[in-house]
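**Student:** Give me a model of this one.
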Amino acid sequence: MRDQARVHTFTEGRILMPLVRFALPVLAALFLQAMYGAVDLLVVGRFGTPADVSAVSTGSQIMMTLTNLVASFAMGATILLGQQIGEGNAERGGETIGACVALFGCIGAALTALAVPGAGALARVMHAPQEAFALTETYVRICGAGTMVIIAYNLIGSVFRGIGDSRTPLVTVAIACACNIAGDLLLVAVLHMGTAGAALATVLAQAVSVAISLLMMRKKALPFAFRRANVRFDRALMGRITALGLPIALQDLLVGISFLIIQAIVNALGLIPSAGVGVAEKVCAFIMLVPSSFMQSMSAFVAQNAGAGRYDRALKALGCGIGLSLCVGVVMAWLAFFHGALLAGVFSTDAQVTSAAAQYLKAYGIDCLLTPIFFCFIGFYNGIGMTRFVMLQGIVSAFCVRVPVSWLMSRRVPVSLFHIGLATPCSSALQILMGLLCLCYVRKHVATGLC
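**Tutor:** Numbers count the residues shown, from 1 in each chain. Predicted coordinates:
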């Protein structure tokens with residue numbers, strides 16, 4: 001039997017550098033993940049039409065919502081594994097992973113049944129422009145057929161982050177990104193398959209990545225034994241994974257739906273605003289990378305310390321994460337607010353599209369100063385198991401602020417994409433307020449262990 005791997009523990013020693021060392025591979029993986037999605041739009045923007053750009057941006061928003069649902073649910077595995085390690089109970093990891101495989105297999109079957117036959121309905125709900133409707137439907141149907149691959153891809157990353165290994169997920173994302181770039185260049189740039197080529201490249205790249213990742217896992221030592229017999233419907237473990245992951249998944253799903261509603265509001269304004277906001281969202285995926293990486297890293301770091309009862313270290317990690325990510329947020333705010341057209345020009349050569357994207361990005365420039373704070377709050381509360389609060393604050397900010405403000409701004413004449421985009425920083429401000437109020441509760445009850 002091979003030697004078991006050393007567990008990466010965050011419950012002793014320094015806080016800042018271990019957190020940064022863990023966050024850097026997460027950041028690199030998220031960068032490659034953003035590249036993975038952006039390459040589709042970049043290549044289509046260079047070799048396709050505005051209709052292709054609109055279809056890929058709308059279709060990728062739909063698939064991103066489903067993917068985030070899976071990735072968020074898989075956070076339940078990350079948190080549970082982290083807590084088990086903090087408790088000194090890492091050997092139960094094999095049983096936890098087995099329960100995850102059984103649970104997520106059922107979820108994958110359900111999502112596939114939704115996305116493939118329902119592609120047209122999803123495009124209709126999104127108010128996809130008439131010129132891009134059929135292309136949007138094609139993109140969603142092809143990507144929906146690869147839902148099982150998407151689930152396996154995200155679950156592998158969640159498991160390794162849970163045991164304190166952020167480097168292996170980086171390798172799997174790098175493989176997928178390289179394959180996706182090659183596939184886009186072949187299918188879109190050379191074979192001129194447009195939207196369909198971009199969707200096929202996405203699914204095939206993830207399939208290759210999963211296959212290689214599974215081969216790597218067979219040779220990699222884990223801090224616990226994992227056997228086929230572990231893959232079973234363990235109600236207790238599945239219940240714990242669901243209790244931790246479902247609130248996060250529901251929150252991300254409903255928040256994702258709120259952004260889909262905003263995309264639908266913009267789609268109703270015409271092809272150019274639709275394509276412009278789609279491009280802006282791809283740019284946003286890059287400028288928000290640092291706070292996103294700290295959010296994921298915070299969850300794993302805090303989960304281990306919560307399992308060990310070290311809430312003092314969890315609180316210090318929260319302060320470190322906010323401070324570091326906010327420093328980067330200032331730079332990203334400057335770029336998005338004053339140089340949005342330059343950033344958008346990476347994804348589209350159409351002057352009207354880049355101008356529309358630049359308007360929308362000005363609002364995201366303001367949000368860059370707020371996101372580092374509430375993203376770290378989300379990671380912290382997920383890590384200590386307060387996932388229901390995370391769900392609550394996400395839903396309230398999305399449907400009490402983001403969607404209503406977007407709709408009201410879209411009714412103003414003349415319509416401004418900057419004004420519509422202001423809905424996002426408004427909702428972020430509410431999330432920060434709720435996070436601060438909850439932190440007062442956490443600090444009050446930490447000493448008595450009531451978190």
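**Student:** and the longest helix for the chain?
**Tutor:** helix 50-86 (DSSP state H).
**Student:** so where is the stretch 301-450 of the chain shaky, pLDDT-wise?
**Tutor:** For the stretch 301-450 of the chain, the stretches with pLDDT under 70 are 446-450.
**Student:** Quick one: the helices in it, in order.
**Tutor:** Assigned by DSSP state H, counting those that start in this stretch, the helices in the stretch 301-450 of the chain fall at 311-338, 340-344, 351-367, 371-383, 387-397, 403-410, 417-421, 423-446.
**Student:** and if you look at the stretch 51-200 of the chain?
**Tutor:** 93-115, 119-125, 133-145, 147-162, 167-184, 194-219.
**Student:** chain center to the longest helix of the chain: distance?
**Tutor:** 5 Å (C-alpha atoms, centre = their mean, to the nearest Å).
**Student:** and what of stretch 267-287?
**Tutor:** Taking mean C-alpha positions (C-alpha atoms, centre = their mean), stretch 267-287 and its chain are 18 Å apart.
**Student:** C-alpha coordinates for that stretch, CSV please?
**Tutor:** The C-alpha trace of stretch 267-287 is given here as CSV (Å, rounded to 0.1, in the frame of the first residue of the first chain):
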residue,chain,number,x,y,z
ASN,A,267,-30.9,41.8,-24.1
ALA,A,268,-34.3,43.5,-24.5
LEU,A,269,-32.4,46.7,-25.4
GLY,A,270,-30.9,45.2,-28.5
LEU,A,271,-28.0,43.3,-30.0
ILE,A,272,-25.2,45.8,-29.2
PRO,A,273,-26.1,46.3,-25.5
SER,A,274,-26.5,42.5,-25.2
ALA,A,275,-23.0,41.9,-26.7
GLY,A,276,-21.5,44.8,-24.7
VAL,A,277,-22.7,43.5,-21.3
GLY,A,278,-21.6,40.0,-22.3
VAL,A,279,-18.1,41.3,-23.0
ALA,A,280,-18.1,43.3,-19.8
GLU,A,281,-19.0,40.2,-17.8
LYS,A,282,-16.0,38.4,-19.2
VAL,A,283,-13.7,41.3,-18.3
CYS,A,284,-15.2,41.3,-14.8
ALA,A,285,-14.3,37.6,-14.4
PHE,A,286,-10.7,38.7,-14.5
ILE,A,287,-10.8,41.9,-12.4
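**Student:** avg pLDDT for the longest helix of the chain?
**Tutor:** For helix 50-86, mean pLDDT is 77.
**Student:** any idea how far Leu289 is from Leu19?
**Tutor:** 16 Å (C-beta to C-beta, to the nearest Å). No exception for glycine: its C-beta is placed from N, CA and C like everyone else's.
**Student:** Surely Phe418 and Ile366 touch.
**Tutor:** No: with contact defined as C-beta atoms under 8 Å, Phe418 does not count as touching Ile366 (9.9 Å).
**Student:** how about Val283, what does it touch?
**Tutor:** By C-beta atoms under 8 Å, 6 or more residues apart in numbering, Val283 lies in contact with Ala336, Gly340, Leu343, Ala344, Val346, Phe347, Ala357, Leu361, Tyr364.
**Student:** got the helices of the stretch 51-200 of the chain as JSON lines, with mean neighbour count, mean pLDDT and distance to Gly276 columns?
**Tutor:** JSON lines is the format used below for these (neighbours: other C-beta atoms under 10 Å; pLDDT from 0 to 100; distance: least, C-beta to C-beta, whole Å):
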{"stretch": "helix 93-115", "mean neighbour count": "19", "mean pLDDT": "82", "distance to Gly276": "26"}
{"stretch": "helix 119-125", "mean neighbour count": "18", "mean pLDDT": "83", "distance to Gly276": "19"}
{"stretch": "helix 133-145", "mean neighbour count": "24", "mean pLDDT": "87", "distance to Gly276": "16"}
{"stretch": "helix 147-162", "mean neighbour count": "24", "mean pLDDT": "78", "distance to Gly276": "27"}
{"stretch": "helix 167-184", "mean neighbour count": "21", "mean pLDDT": "83", "distance to Gly276": "21"}
{"stretch": "helix 194-219", "mean neighbour count": "20", "mean pLDDT": "83", "distance to Gly276": "18"}
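**Student:** Adding neighbour count and distance to Val190 as columns, could you present the contacts of Val283 in JSON lines?
**Tutor:** Compiled in JSON lines, the contacts of Val283 are given as follows (neighbours: other C-beta atoms under 10 Å; distance: C-beta to C-beta, whole Å):
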{"residue": "Ala336", "neighbour count": "26", "distance to Val190": "33"}
{"residue": "Gly340", "neighbour count": "26", "distance to Val190": "31"}
{"residue": "Leu343", "neighbour count": "21", "distance to Val190": "27"}
{"residue": "Ala344", "neighbour count": "25", "distance to Val190": "25"}
{"residue": "Val346", "neighbour count": "16", "distance to Val190": "21"}
{"residue": "Phe347", "neighbour count": "27", "distance to Val190": "20"}
{"residue": "Ala357", "neighbour count": "30", "distance to Val190": "27"}
{"residue": "Leu361", "neighbour count": "31", "distance to Val190": "31"}
{"residue": "Tyr364", "neighbour count": "25", "distance to Val190": "34"}
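**Student:** Surely Met126 is in contact with Leu260?
**Tutor:** Yes: under the criterion of C-beta under 8 Å, Met126 makes contact with Leu260 at 6.2 Å.
**Student:** intersection of neighbour lists for those two?
**Tutor:** Gln61, Ile62.
**Student:** one step back: out of the helices of the stretch 301-450 of the chain, which one sits most buried?
**Tutor:** helix 371-383 (a mean of 26; mean count of other C-beta atoms under 10 Å).
**Student:** helices and strands around that one, which ones?
**Tutor:** helix 50-86, helix 289-307, helix 311-338, helix 387-397, helix 423-446 (3 or more C-beta pairs under 8 Å, 6 or more residues apart in numbering; DSSP states H and E).
**Student:** Which one, of the ones you listed, ends up nearest to Val405?
**Tutor:** Within those, the stretch nearest Val405 is helix 423-446; the backing value is 3.7 Å (C-beta to C-beta).
**Student:** May I see the helices and strands packed on helix 371-383 arranged in CSV, with distance to Gly144 as well?
**Tutor:** Putting the helices and strands packed on helix 371-383 into CSV (distance: least, C-beta to C-beta, whole Å) gives the following:
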stretch, distance to Gly144
helix 50-86, 7
helix 289-307, 25
helix 311-338, 32
helix 387-397, 25
helix 423-446, 27
